[in-house]
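> Sequence first, then the predicted structure:
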Amino acid sequence: MAVPDVRTKDYPIKTVEPSAKPTEPPPLNPGDRLTRAEFERRYHQHPEIKKAELIEGVVYMPSPIRLDKHGSPHFDLITWLGVYRAATPGLQGADNASVRVDFENEVQPDVLLRVEKGSSRKTADDYLEGPPELVVEIAASSVAYDLHDKRRVYARSGVREYLVFQMYERWTEWFVLREGVFERLEPDENGVIRSEVFTGLWLDTAAFWANDLAKMLATLQTGLATPEHAAFRQQLQEQ
């Protein structure tokens, strides 16, 4: 039997097939109906998406953030809650952190404030599970899903207070959970709303809408100086 000559084209050459093209990650689009596990899997594979939520099994993806209608008031609210947290040990705040509510809901509130040993807990993979005590949302208007589907989810899951700012109507609504139903907290004669859950957390609504952060913080300092806030601090420290 003749031996193939390596110098000729008759020598059998082993060819290597090019590796298979990597498969693209499955899309994540508004209106998709997914389980929470599948929603998380797709969200992780799309780092270009900065905010997506699963509400009652449906994916929501907000529009790009505008400066005056969202970005600037968001900044002021984080400052306001940050000052309160600094004066109240035992609390944790977060900006746009994902919260696992149940198997059909994973929300990403604009801002939240929680008691570290309260109704929510941090999971091993650094998510928040369970209802934080306070959720704050900046809504485009009263027709936004924040005041409808999301509000029902928050009430059902046990979020104790829900603060919403309707940017086009220029209206503030602060809800407190009573017997499983959200009821409005009404401002006093000076337009100040006082949290029932976080003692001393006072909001001057007129100052907020006037973009007067200094006045917002001055009103907050008045709440922090009350004996009731001192008692609340002591209660948290004893937990």
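Great, that's in hand.
> C-alpha coordinates for the longest strand along the chain, PDB please?
Ranked by residue count, the top strand of the chain under DSSP state E comes out as strand 171-178. Extracted in PDB, the C-alpha atoms of strand 171-178 (Å, rounded to 0.1, in the frame of the first residue of the first chain):
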ATOM      1  CA  TRP A 171     -48.800  66.700  44.000                       C
ATOM      2  CA  THR A 172     -47.500  64.700  46.900                       C
ATOM      3  CA  GLU A 173     -49.200  61.600  48.300                       C
ATOM      4  CA  TRP A 174     -47.900  59.800  51.400                       C
ATOM      5  CA  PHE A 175     -49.700  56.600  52.200                       C
ATOM      6  CA  VAL A 176     -49.600  54.600  55.400                       C
ATOM      7  CA  LEU A 177     -50.600  51.000  55.600                       C
ATOM      8  CA  ARG A 178     -53.500  50.400  58.000                       C
END
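> Can you tell me which helices and strands it packs against?
Judged by 3 or more C-beta pairs under 8 Å, 6 or more residues apart in numbering; DSSP states H and E, the packing partners of strand 171-178 are helix 149-157, strand 161-166, strand 181-184, helix 205-209. (Each C-beta comes from the backbone N, C-alpha and C, glycine too.)
> The same query, at a cut-off of 6 Å, please.
The contact analysis (3 or more C-beta pairs under 6 Å, 6 or more residues apart in numbering; DSSP states H and E) places strand 171-178 against strand 161-166.
> The strand it packs on - contacts with which helices or strands?
Taking 3+ C-beta pairs under 6 Å, 6+ apart as contact, the helices and strands that strand 161-166 lies on are strand 134-139, strand 171-178.
> I'd like those as a markdown table, with distance to residue 83, mean neighbour count and mean pLDDT appended.
Conversion of the helices and strands packed on strand 161-166 to a markdown table gives the following (distance: least, C-beta to C-beta, whole Å; neighbours: other C-beta atoms under 10 Å; pLDDT from 0 to 100):
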| stretch | distance to residue 83 | mean neighbour count | mean pLDDT |
| --- | --- | --- | --- |
| strand 134-139 | 14 | 24 | 96 |
| strand 171-178 | 18 | 18 | 97 |
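> got these as JSON lines, with distance to residue 220 columns?
Converted to JSON lines, the helices and strands packed on strand 161-166 look like this (distance: least, C-beta to C-beta, whole Å):
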{"stretch": "strand 134-139", "distance to residue 220": "14"}
{"stretch": "strand 171-178", "distance to residue 220": "14"}
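> Identify the residues contacting the longest strand of the chain?
For strand 171-178, the external contacting residues (C-beta atoms under 6 Å, 6 or more residues apart in numbering) are 160-165, 182-183, 185, 193, 196, 205.
> ChimeraX command to pick out the buried ones of those residues?
Here is the ChimeraX selection string for the buried members of the contacts of strand 171-178, based on 16 or more other C-beta atoms under 10 Å:
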select :160,161,162,163,164,165,182,185,193,205
